[in-house]
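Colleague: no sequence on hand, only this structure:
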């Protein structure tokens with residue numbers, strides 16, 4: 001799957017490079033291309049768009065979705081820089097759609113993401129608006145972490161579990177009655193600042 005994603009990313013960027021009228025490419029990637037590395041739980045700073053997932057770490061723990069997204073995005077960036085393509089990426093969290101279920105490959109390592117404070121989700125409308133925003137704003141650049149909810153407390157974790165496994169009637173452990181909250185360790189400030197600026201512009205016009 002990683003090889004297929006890399007080839008697809010390369011082919012799309014190559015096609016864009018050969019199109020004279022192409023103004024900007026918005027490449028859709030994933031938060032999983034940002035969050036996976038050794039020692040995340042002991043890191044001194046929050047993760048942001050400057051971080052990259054460690055390829056060897058993904059191979060070691062069989063995080064194939066993260067591996068695919070990371071290699072594909074890196075391939076896209078390499079070609080974009082080589083061919084002078086104006087590109088930005090949207091690194092989205094877990095997309096919350098009606099058909100979301102436990103087989104979604106993003107969920108590999110969900111427990112670790114949750115405990116590390118980097119388990120993030122995004123609504124379809126929000127990520128669509130983010131794509132439009134970074135495409136239309138001439139000042140947009142680089143990568144943008146895109147999410148509008150962090151799953152870092154037992155209440156939200158249980159709610160997601162019920163959504164993923166609707167047939168399960170099991171109740172959460174007694175210890176969850178007192179909500180546990182893990183510190184958020186990931187920031188989407190760069191995207192939020194851009195989208196807030198865009199909204200301010202619209203309101204002022």
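Modeller: Done, it's in. Note that the structure is predicted; figures quoted are calculated from it, not measured.

Colleague: just the buried positions in stretch 16-28, please.
Modeller: Neighbour counts over stretch 16-28 (16 or more other C-beta atoms under 10 Å) mark 16-17, 25-27 as buried. All C-beta spots, glycine's among them, are computed from the backbone N, C-alpha and C.

Colleague: equivalent analysis for stretch 24-44, please.
Modeller: 25-27, 29-37, 40.

Colleague: now the strands for this protein?
Modeller: 25-30, 87-92, 94-96, 120-123, 142-146, 149-150 (DSSP state E).

Colleague: could you export the ones you listed as CSV, including distance to residue 58?
Modeller: Formatted as CSV, those follow (distance: least, C-beta to C-beta, whole Å):
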stretch, distance to residue 58
strand 25-30, 12
strand 87-92, 15
strand 94-96, 17
strand 120-123, 18
strand 142-146, 18
strand 149-150, 22
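
Colleague: would you mind measuring from the closest residue to residue 43 other than its chain neighbours to residue 156?
Modeller: Once flanking residues are discounted, residue 43 sits nearest to residue 185: 7.2 Å by C-beta to C-beta, 6 or more residues apart in numbering. According to C-beta to C-beta, to the nearest Å, residue 185 and residue 156 sit 16 Å apart.

Colleague: kindly report the same for residue 34.
Modeller: For residue 34 relative to residue 156 (C-beta to C-beta), the value is 20 Å.

Colleague: ok, residue 35 next?
Modeller: 18 Å.

Colleague: and residue 182, by the same measure?
Modeller: 10 Å.

Colleague: before we move on, what about residue 56?
Modeller: 31 Å.

Colleague: higher neighbour count, the two?
Modeller: Legend: neighbour count by other C-beta atoms under 10 Å for residue 56 and residue 156, higher for residue 156 (17 against 10).

Colleague: surely residue 148 touches residue 125?
Modeller: No - using C-beta atoms under 8 Å, residue 148 is not in contact with residue 125, being 9.3 Å away.

Colleague: those two: which is more packed in?
Modeller: For residue 148 and residue 125, the more surrounded residue by other C-beta under 10 Å is residue 148, and the numbers stand at 18 against 9.
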